[in-house]
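Trainee: Here is my input; please provide its structure:
(one chain, ligands or ions: 1)
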Amino acid sequence: MKQELQKILEQAKKDLKKVKTLDELKDLDVKYLGRKGLLTEKLRSIKDLPNEEKKDAGQLLNQTKKSLEHDLEARAKSLEKSVLEAQLSKEFFDTTLPGETKKIGHIHVLAQIQEEVEKIFGQMGYAVMDGPEIDSEYYNFEGINIPADHPARDMQDTFFIKDKHDPDHQRLVLRTHTSPVQARTIEKYGAPLRIISPGRVFRNEALDASHEHTFHQTEGMLIDKNISLGHLKGTMIEFLSRLFNKDVEVRFRPGYFPFVEPGLELDFSCLLCQGKGCRVCKHTGWVEFMGAGMTHPNVLEAGGIDSTEYTGWAFGFGMERLAMMRYGITDIRLFNSGDLRFIRQF
Ligand code: PHE
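Mentor: Residues are numbered from 1 along each chain as shown. Sure thing, here's the model as predicted:
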């Protein structure tokens, strides 16, 4: 018995050496350890041995079986490894190749400026409000003192939304300015107030280097007791000086907007020529910047604020104008063009 087992084991070892694939290894497993395998048959024949031999024979068989199983397993592992290596070498992978860089986008120049504007006004205690880009005719016009038959409507040619009616407030329009947020905020929060509202606005414009149908404004409004234009001047000097990191001067000129009284335009000193006169400021030393004025009592009252107790002012400026001034951009249409050669510069 012992010799027979020895023989089987030796034969198995020889067979094992010849095995080249996992399939061949499986056959070998069947040949020795399968249901009709050589070792299995020996195990089965133990029952025919005389009783005194059974124990030794059993032990020996089990040892042989274990040792064979161990060999088979070791061989399987090494075969698996070489199969994997063969596969890897077929799928050649050059570890010295430079990696594929993922292109990361960045924040659009206008959004960058908006963040700065929000930050500076935030530091001065202003809350940032949002308003809908599609608004009702009421908020865009009537609610801020521009009735339907008022000639001031011609200042802002409008895109109306066909067949869409807001049940409370007439037709819907693409807002022509951020001023509707004035009426919405007054209505919602009452006085006192200190807000800005940046956002996108739309006008039916004849397009050229300084006119676009879609552009961005920032509205500002301060309402409290005893507020004057002096506060507006101080606020804008502070804001512009922080934004441009330079001492900026401002001046008022009379201007007309139905929702303010008195109304005015604010210019700031040209930063390119320090007021000496250049192409950008059309040789005046001043850059037209924004509309502003003391909030009209009708606007306060329409939103439920007592205009004998509270006064305030509002302003609205174009964000593109700011970016154009800072970076020397000469065509407003570039902002919405989607031209990456432009966008990647900022
Ligand atoms: N909404 C005005 C415009 O777009 C600007 C403005 C805002 C003027 C607030 C006065 C007060 O032209």
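
Trainee: Could you give the average pLDDT over the particular helix or strand that has residue 341 in it?
Mentor: For residue 341, the enclosing helix or strand under DSSP states H and E is helix 340-343. Along helix 340-343, the predicted confidence averages to a pLDDT of 94.

Trainee: cool, stretch 19-29 as well?
Mentor: Across stretch 19-29, the per-residue pLDDT values average to 88.

Trainee: next one: stretch 147-163
Mentor: Averaging pLDDT along stretch 147-163 yields 80.

Trainee: next one: it to chain centre, how far?
Mentor: Offset of stretch 147-163 from its chain centre (CA atoms, centre = their mean, to the nearest Å): 34 Å.

Trainee: Give the buried residues for it.
Mentor: The neighbour-count criterion (16 or more other CB atoms under 10 Å) identifies 153, 156, 158-159 as the buried residues of stretch 147-163. The C-beta positions use only the backbone N, C-alpha and C, and glycine is treated the same way.

Trainee: Nearest to the ligand: which residue in the stretch 1-150 of the chain?
Mentor: Using CB to the nearest ligand atom, the point where the stretch 1-150 of the chain gets nearest to the ligand is residue 144, with a distance of 8.3 Å.

Trainee: these two touch, right, that residue and residue 183?
Mentor: Yes - under the criterion of CB atoms under 8 Å, residue 144 is in contact with residue 183, at a separation of 5.3 Å.

Trainee: quick one: contacts for residue 187?
Mentor: With contacts defined as CB atoms under 8 Å, 6 or more residues apart in numbering, the neighbours of residue 187 are 302-304.

Trainee: for it, phi and psi?
Mentor: Listed backbone geometry of residue 187 is phi -60, psi -40, with angles given as degrees, to the nearest 10.

Trainee: which ones are touching residue 8?
Mentor: Residue 8 is in contact with 32, 38-39, 42, 64, counting by CB under 8 Å, 6+ apart.

Trainee: For my notes, confirm it occurs in a helix.
Mentor: Yes - assessed with DSSP: H, G, I helix; E, B strand; the rest coil, residue 8 lies in a helix.

Trainee: one step back: so how do I select the buried members of the contacts of residue 187 in PyMOL?
Mentor: Applying 16+ other CB under 10 Å to these leaves a buried subset, and the PyMOL line that selects it is:
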select buried, resi 302+303
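
Trainee: Show me what counts as buried in stretch 212-219.
Mentor: 212-213, 215-219.

Trainee: Repeat that for stretch 107-123.
Mentor: By neighbour count with 16+ other CB under 10 Å, stretch 107-123 contains the buried residues 109-110, 113-114, 117, 120-121.

Trainee: For these, give me JSON lines that also has secondary structure and pLDDT.
Mentor: As requested, the buried residues of stretch 107-123 are arranged in JSON lines below (DSSP: H, G, I helix; E, B strand; the rest coil; pLDDT from 0 to 100):
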{"residue": "109", "secondary structure": "helix", "pLDDT": "97"}
{"residue": "110", "secondary structure": "helix", "pLDDT": "97"}
{"residue": "113", "secondary structure": "helix", "pLDDT": "97"}
{"residue": "114", "secondary structure": "helix", "pLDDT": "97"}
{"residue": "117", "secondary structure": "helix", "pLDDT": "98"}
{"residue": "120", "secondary structure": "helix", "pLDDT": "98"}
{"residue": "121", "secondary structure": "helix", "pLDDT": "98"}
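
Trainee: And the pLDDT for the residue nearest the centre of the chain?
Mentor: The residue lying closest to the centre of the chain (CA atoms, centre = their mean) is residue 107, at 8.2 Å. The predicted local distance difference test score for residue 107 is 96.

Trainee: what residues are up against it?
Mentor: residue 115.

Trainee: What residues does the stretch 201-346 of the chain have near the ligand?
Mentor: 257, 260, 291-293, 314-316 (CB under 6 Å from any ligand atom).

Trainee: So which of the residues you listed are in strands?
Mentor: Among those, DSSP state E puts 260, 291-293, 314-316 in strands.

Trainee: filter those residues to the buried ones?
Mentor: Using 16+ other CB under 10 Å as the threshold, 260, 291-293, 314-316 are the buried ones among those.

Trainee: For residue 193, state which of the residues you listed is nearest.
Mentor: Distance to residue 193 across these (CB to CB) is lowest for residue 314, with 10.0 Å.

Trainee: okay, now the residue lying closest to that closest one once chain neighbours are set aside: neighbour count?
Mentor: For residue 314, the nearest residue in space outside its immediate sequence neighbours is residue 221; the separation is 4.4 Å by CB to CB, 6 or more residues apart in numbering. The criterion is other CB atoms under 10 Å. On that basis, residue 221 has 23 neighbouring residues.

Trainee: who are the neighbours of the helix or strand hosting residue 221, in terms of helices and strands?
Mentor: Under the assignment given by DSSP H and E, the secondary-structure element containing residue 221 is strand 214-224. Using 3 or more CB pairs under 8 Å, 6 or more residues apart in numbering; DSSP states H and E as the contact criterion, the secondary-structure elements in contact with strand 214-224 are helix 109-123, helix 180-189, strand 193-202, helix 229-244, strand 311-318, helix 319-327.

Trainee: so which of the ones you listed is the most packed in?
Mentor: Comparing the helices and strands packed on strand 214-224 on average neighbours per residue, with mean count of other CB atoms under 10 Å, the densest one is strand 311-318 at a mean of 24.
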